[in-house]
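> Need coordinates for the below:
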Amino acid sequence: MAKFDPRGRKVKILATLGPASRSPEMIEKLLRAGADAFRVNMSHGDHETHAQTIAAIRAVEKDVGRPVAVLCDLQGPKLRVGQFAGGKAVIRHGGHFTLDRNPEPGDENRVCLPHPELFGVLQKGQRLLIDDGKLRLRVIRADDNEILCSAEVGGVISDRKGVNVPDAVVPVPALTEKDRRDLTFALEQGADWIALSFVQRPEDVAEARKLMGSSGTALMAKIEKPAAIGRLEEIIELADGIMVARGDLGVELNPEEVPPLQKRIVEVTRRSGKPVVVATQMLESMIESPAPTRAEVSDVANAVYDGADAVMLSAETASGAWPVEAVTIMHRIAAQVENDPGYAERIHFTQVRPDATTADALAQASASIAETVSVSAIAVFTGSGSTARRVARERPGVPMLVLTPSPRIARRLALLWGTHAVHTKDIGSFEEMIAKGKRMALRHGFATAGSKLIALAGVPFGTPGSTNLLHVVTVSGDELSRHGG
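Residues are numbered from 1 along each chain as shown. The predicted model follows:
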């Protein structure tokens with residue numbers, strides 16, 4: 001791969017592709033503006049379009065010379081009401097409204113709810129939120145055929161509007177038939193990450209993992225249901241990464257509950273060493289405006305201060321009028337925060353305790369040495385990515401140059417904090433490791449003559465999970481003259 005300059009920032013940017021941005025020209029512009037990974041939203045579009053998008057990403061990746069992660073986001077089991085005579089109706093504020101199993105078109109008094117599994121679990125006093133919470137119903141009585149509700153907030157309801165059930169664990173599978181088809185497609189296309197929507201319990205993650213088999217693709221659990229919060233640590237344990245999906249989370253919870261919850265999810269996931277993405281409405285006004293609001297800038301900055309691995313753009317880049325500007329501004333916000341002298345202190349508010357393993361101890365030591373000795377980078381040699389995750393968990397003050405023989409691991413690490421991954425041939429000896437570490441650090445702009453590097457690897461080489469070697473080296477002038485090889 002050709003050289004591509006380091007970003008100069010540690011948090012990553014995940015940009016959603018769509019009608020406004022999926023051409024090869026726009027993908028390259030977004031990459032050069034600061035995007036590190038791309039999200040393909042399986043809720044919209046068909047497989048042919050998605051295949052073209054992924055092929056375009058891979059072609060641009062090759063031209064630009066930087067590993068790029070592709071994340072395919074499954075739609076999940078979205079609950080929706082049926083249809084109305086005339087396409088819509090008005091639910092009277094304070095009046096009664098019934099959800100039933102009658103397929104006839106609805107009116108101002110009732111509508112079909114084509115999800116029989118809901119009728120057996122809803123109880124008196126529980127809430128139903130329709131159209132992203134614009135209408136709020138509270139259950140008066142529920143049986144196997146009808147759910148009678150009072151309208152706490154009425155209004156216009158139209159065909160196929162979404163339904164959120166925040167107060168109950170809904171007995172629906174995490175993967176619909178559509179999701180299963182989309183998952184098979186994404187794996188065939190070589191997606192680096194699969195995002196699993198509407199996770200409620202650890203079993204949902206286990207089910208997806210089983211279907212994915214030994215594909216080598218990573219699994220990201222989206223936290224957007226209150227039910228998932230109570231079992232957060234179990235879900236993190238089974239997933240490879242976590243996304244704070246604030247859209248539906250903000251519908252099902254009171255708005256003021258979301259910010260502290262976001263901080264908690266980021267903190268708990270960071271302790272695990274797995275990447276955590278903060279998503280939804282980060283620069284929402286930039287769908288139509290070339291500049292964000294002050295509140296949106298603060299929102300992105302707070303996610304960076306909290307130590308999130310990545311921040312995500314949704315409609316801003318997928319269908320908005322200013323996709324390149326949205327990525328550019330997100331990059332500038334992140335870079336500004338990371339240049340704040342107080343950033344290092346804030347990012348270490350989360351206390352990370354290493355596990356009692358040699359690999360964890362060396363990862364912690366590398367971050368500590370980087371604080372004590374003036375080193376320009378930590379060169380991590382990894383086959384599985386686990387050493388890189390361990391070092392990233394420590395949030396070191398210097399960049400991480402990750403050298404891996406696996407192109408899939410290099411791409412997957414595009415969502416991991418502080419990493420600059422390079423796909424390179426495997427090493428076979430200590431001398432080769434040191435030489436390659438120096439050469440790659442020079443080539444990718446992480447070192448100059450006289451710079452010190454920390455090298456982290458495992459012996460015997462090529463054995464996954466065997467990190468047991470830390471070495472501090474100095475780059476000489478001789479190496480500077482021959483680093484092109």
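> ok, what's across the strand from residue 163?
Beta-bridge partners recorded for residue 163 (DSSP bridges): residue 79, residue 130.
> can you pull the contacts of it?
79, 80, 81, 113, 115, 128, 129, 130 (C-beta atoms under 8 Å, 6 or more residues apart in numbering). In this view, the C-beta of every residue, glycine as well, is placed from N, C-alpha and C.
> Let me know the pLDDT of it.
Listed pLDDT for residue 163 reads 96.
> cool, and the one 3 residues further on?
Predicted confidence (pLDDT) for residue 166: 92.
> since we're on it, how many residues are nearby?
By other C-beta atoms under 10 Å, the residues close to residue 166 number 18.
> Okay, now the unreliable bits of the chain?
1-6, 354, 462-466, 477-485 (pLDDT under 70).
> Mind doing that once more with 50?
1-3, 484-485 (pLDDT under 50).
> that older thread, how about JSON lines for the contacts of residue 163, with neighbour count added?
As requested, these are exported to JSON lines (neighbours: other C-beta atoms under 10 Å):
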{"residue": "79", "neighbour count": "19"}
{"residue": "80", "neighbour count": "14"}
{"residue": "81", "neighbour count": "23"}
{"residue": "113", "neighbour count": "23"}
{"residue": "115", "neighbour count": "18"}
{"residue": "128", "neighbour count": "25"}
{"residue": "129", "neighbour count": "21"}
{"residue": "130", "neighbour count": "27"}
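> which one of the residues you listed is nearest residue 178?
Residue 178 lies nearest to residue 80 out of the contacts of residue 163, by C-beta to C-beta, at 13.1 Å.
> Is the closest residue to residue 459 other than its chain neighbours bridged to anything, and to what?
In this structure, residue 459 finds its nearest non-sequential neighbour in residue 469, 5.4 Å apart by C-beta to C-beta, 6 or more residues apart in numbering. Beta-bridge pairing of residue 469 under DSSP bridges involves residue 457.
> how many neighbours does residue 469 have?
Other residues near residue 469 come to 16 when the count uses other C-beta under 10 Å.
> ok, now residue 282?
The burial count assigned to residue 282 is 23, neighbours taken as other C-beta under 10 Å.
> do the same with residue 119
Residue 119 - counted by other C-beta under 10 Å - has 17 other residues nearby.
> and the gap between it and residue 178?
Per C-beta to C-beta, to the nearest Å, residue 119 is found 23 Å from residue 178.
> and if you look at residue 303?
31 Å.
> Between these two, which is the more surrounded one?
Taking neighbours as other C-beta under 10 Å, residue 303 and residue 178 compare with residue 303 leading, 27 against 15.
> Then the more buried one would be within a strand, right?
No - with DSSP: H, G, I helix; E, B strand; the rest coil as the criterion, residue 303 is located in helix rather than a strand.
> Specify the local secondary structure of the residue nearest to it when sequence neighbours are not counted.
Spatial nearest neighbour of residue 303, excluding adjacent residues (C-beta to C-beta, 6+ apart): residue 278 at 4.1 Å. Three-state assignment for residue 278 (three-state DSSP): strand.
> neighbours around residue 271, how many?
So residue 271, with other C-beta under 10 Å, has 15 neighbours.
> circling back: the residue nearest to residue 303 contacts residue 314, doesn't it?
No - counting by C-beta atoms under 8 Å, residue 278 sits too far from residue 314 to count as a contact (11.6 Å).
> Please tell me how far residue 207 sits from residue 200.
From residue 207 to residue 200 the distance is 11 Å (C-beta to C-beta).
> Also residue 142?
19 Å.
> Could you double-check that the residue nearest to residue 459 sits in contact with residue 454?
No - using C-beta under 8 Å, residue 469 is not in contact with residue 454, being 10.9 Å away.
> returning to that earlier point: what about the residue nearest to residue 303, how many residues nearby?
Neighbours of residue 278 (other C-beta under 10 Å): 27.
> now do residue 133
If you count neighbours by other C-beta under 10 Å, residue 133 ends up with 18.
> Same check on the one 4 residues further on?
Residue 137: 25 surrounding residues under other C-beta under 10 Å.
> Excluding sequence neighbours, find me the nearest residue to it.
Here the residue nearest residue 137, using C-beta to C-beta, 6+ apart, is residue 149, at 3.8 Å.
> Could you check how far the spatially most central residue of the chain is from residue 234?
Residue closest to the average C-alpha location in the chain (C-alpha atoms, centre = their mean): residue 277, at 3.8 Å. Remark: distance between residue 277 and residue 234 (C-beta to C-beta) = 19 Å.
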